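>>> mind looking at a prediction? Sequence and model below.
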Protein chains: 2
Amino acid sequence: MRYELYYWPSIQGRGEFVRLALEEGGANYLDVARLSGRGKGIPALMRFLESNTVERPPFAPPFLKAGELVIGQTANILSYLGPRLGLVPKAEASRLWAHQLQLTVTDFLVQIHDTHHPIAGSLYYREQKAEARRSAKHFIRDRLPKFLDYFETVLERNSSGRGFMVGRSLSYVDLSMFQLIAGLRYAFPRAMAKVERDISGLIGLHDKVIARPRIAAYLASERRIPFNQNGIFRHYPELEKP
Amino acid sequence: MRYELYYWPSIQGRGEFVRLALEEGGANYLDVARLSGRGKGIPALMRFLESNTVERPPFAPPFLKAGELVIGQTANILSYLGPRLGLVPKAEASRLWAHQLQLTVTDFLVQIHDTHHPIAGSLYYREQKAEARRSAKHFIRDRLPKFLDYFETVLERNSSGRGFMVGRSLSYVDLSMFQLIAGLRYAFPRAMAKVERDISGLIGLHDKVIARPRIAAYLASERRIPFNQNGIFRHYPELEKP
């Protein structure tokens, strides 16, 4: 099976959680909107969103074409790919748990994004800068430690041990933890410097993920888009000022 | 199987999407935090959130106890219950699609909630009233019609017909559409009055859901908590002023 990922070509965004799974799983895939030529690029992506004939249109990218299936929503895509790429345990209880954790990542990402866009996604950052400062202050004080402490607790309590989030080996949830830590370090370096001593398990997991050969090769390649000021994780130093 | 639902006892909130599925599915269930006595009430709910020994703690309510399983995240719970209560088609493609739609409902609910809490969930509404007015203006103009038009399109394009969101019969997604329309009418009556002519399919679906005997009985019972100013859908008239 050759998968086709459809996501914005210039940001990591939500698509990155899928890219990491495809890379670690050694999947054969095309990152369609980053390619040029007939049936590729952004027009190929927009065709699904704007067509009048697609019976089951996605609301927004990312979506994954897998044969005849077109699957939308990041956590739904990962839930589909997990068993096919060996990135989730086989038991139903563990799959439900992995998906539950991924949906909690989804919730966290909305709150991370909304620190720089608290009023409306359709406005520029500069049009909601004052509100963003206020929002980020509460985020850094309350939500950032709450979510990270939760994930740290989950990691600690995994009785299968070995330092993974679910079960005995690496899952897509571990890849998402890496991406969260990397993104938060980019966006909120000062806040993360303070909080990292309390989440040593997650930091260890981050380090373990970047050391995996396929992930290391991916991160060193041009396929990994650098963090930038258009994604979910953005570095505005003024949002970290006390 | 007797299910145990754990959710805040005084609001509809996210738990309501699960309650509606349990009711329509004729499930044997306890709404634990609404009961009193040993092992019931809010303390029973908090035990899962604050225990130091639960290996797989939910981040937040709602969560569902099904035998030994404790399943968190609303859409994950519905994905689990769907096939067991006959509220989703059997084919994998249709289940993925139903779940994708439910996750888009989840996204919409965050944006609905954030109209009255754009800065921080930990602050009172009165502490972010000016920002809420600004946020609600953009929500009503852009996001409300975008999400509703999307769901209307999905309903129209369902080639199995008969006016359901997925396949040939009622699914948990249809129940969620009812709840969205009912909640939005409560929160934004003026905005909804304007938009309803463009979503006649969804309004028809809403009416079809409330006419179902089990849902009608539920809505008339004390098990249905009225909309109020502590839930996701809140009616602040000032947020609808042009």
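Cool, the structure landed.

>>> check the offset of the one helix or strand A:Asp174 maps to from the chain's centre.
In the assignment (DSSP states H and E), A:Asp174 maps to helix A:172-187. Offset of helix A:172-187 from its chain centre (Cα atoms, centre = their mean, to the nearest Å): 7 Å.

>>> got the buried residues for that helix?
By 16 or more other Cβ atoms under 10 Å in any protein chain shown, the buried positions in helix A:172-187 come out as A:172-187. No exception for glycine: its C-beta is placed from N, CA and C like everyone else's.

>>> report the contact partners of A:Ala216.
A:Ile210 (Cβ atoms under 8 Å, 6 or more residues apart in numbering or on different chains).

>>> same question, A:Glu24
A:85, A:87, A:170, A:175, A:212, A:214-215 are the contacts of A:Glu24 under Cβ under 8 Å, 6+ apart.

>>> tell me the contacts of the nearest residue to it once chain neighbours are set aside?
Spatially, and ignoring its direct neighbours in sequence, A:Glu24 is nearest to A:Arg214 (5.3 Å; Cβ to Cβ, 6 or more residues apart in numbering or on different chains). By Cβ under 8 Å, 6+ apart, the contact set of A:Arg214 is A:23-24, A:26.

>>> does the lowest-mean-pLDDT helix or strand in chain A reach chain B?
Within chain A, no helix or strand scores below helix A:41-50, which has a mean of 95 by mean pLDDT, DSSP states H and E. No: on the criterion Cβ under 8 Å from any Cβ of the partner chain, helix A:41-50 is out of touch with chain B, staying 9.9 Å away.

>>> distance check, the nearest residue to A:Ser122 once chain neighbours are set aside against B:Asp149.
What sits nearest to A:Ser122 in space, not counting adjacent residues and going by Cβ to Cβ, 6+ apart, is B:Asp142, at 5.5 Å. Note on B:Asp142: its distance to B:Asp149, by Cβ to Cβ, to the nearest Å, is 11 Å.

>>> quick check: next helix or strand after the longest helix along chain A?
For chain A, the helix with the greatest residue count under DSSP state H is helix A:92-116. Sequence-wise, the next helix or strand downstream of helix A:92-116 (DSSP H and E) is helix A:129-138.

>>> can you list contacts of that following helix?
Taking Cβ under 8 Å, 6+ apart as the rule, helix A:129-138 contacts A:114-119, A:125, A:236, A:238-241, B:118-120, B:122-123, B:131, B:134.

>>> burial of the residue nearest to A:Ser122, as a residue count?
Neighbour count of B:Asp142, defined by other Cβ atoms under 10 Å in any protein chain shown: 14.

>>> one more: A:Gly161?
By other Cβ under 10 Å, the residues close to A:Gly161 number 8.

>>> does it lie in a helix or a strand, and which?
Using DSSP H and E, no helix or strand contains A:Gly161.

>>> coming back round to it: for the least confident helix or strand of chain A, which positions count as buried?
For helix A:41-50, a neighbour-count test (16+ other Cβ under 10 Å) marks A:44-45, A:48 as buried.

>>> coming back round to it: the residue nearest to A:Glu24 falls within a helix, correct?
Yes: applying DSSP: H, G, I helix; E, B strand; the rest coil, one finds A:Arg214 inside a helix.

>>> distance of it from B:Ala216?
On the measure of Cβ to Cβ, A:Arg214 and B:Ala216 end up 55 Å apart.

>>> for A:Ile203, same thing?
As for A:Ile203, its distance to B:Ala216 is 54 Å (criterion: Cβ to Cβ).

>>> which residues sit against stretch A:108-120?
With contacts defined as Cβ under 8 Å, 6+ apart, stretch A:108-120 is touched by A:14, A:123, A:125, A:127-128, A:131-132, A:134-136, A:139, A:143, A:147, A:180, A:183-184, A:187, A:232-234, A:236, A:239, B:107, B:110, B:114, B:118-119, B:131, B:134-135, B:138-139, B:142.

>>> picking up where we left off before, whichever of the contacts of helix A:129-138 end up buried, select them in ChimeraX.
Buried members of these, defined by 16+ other Cβ under 10 Å, are picked up in ChimeraX with:
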select /A:114,115,116,117,118,119,236,239,240 /B:118,119,120,131,134
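
>>> which SS class is the residue nearest to A:Leu30 when sequence neighbours are not counted?
Spatially, and ignoring its direct neighbours in sequence, A:Leu30 is nearest to A:Glu4 (5.0 Å; Cβ to Cβ, 6+ apart). With three-state DSSP as the basis, A:Glu4 sits in strand.
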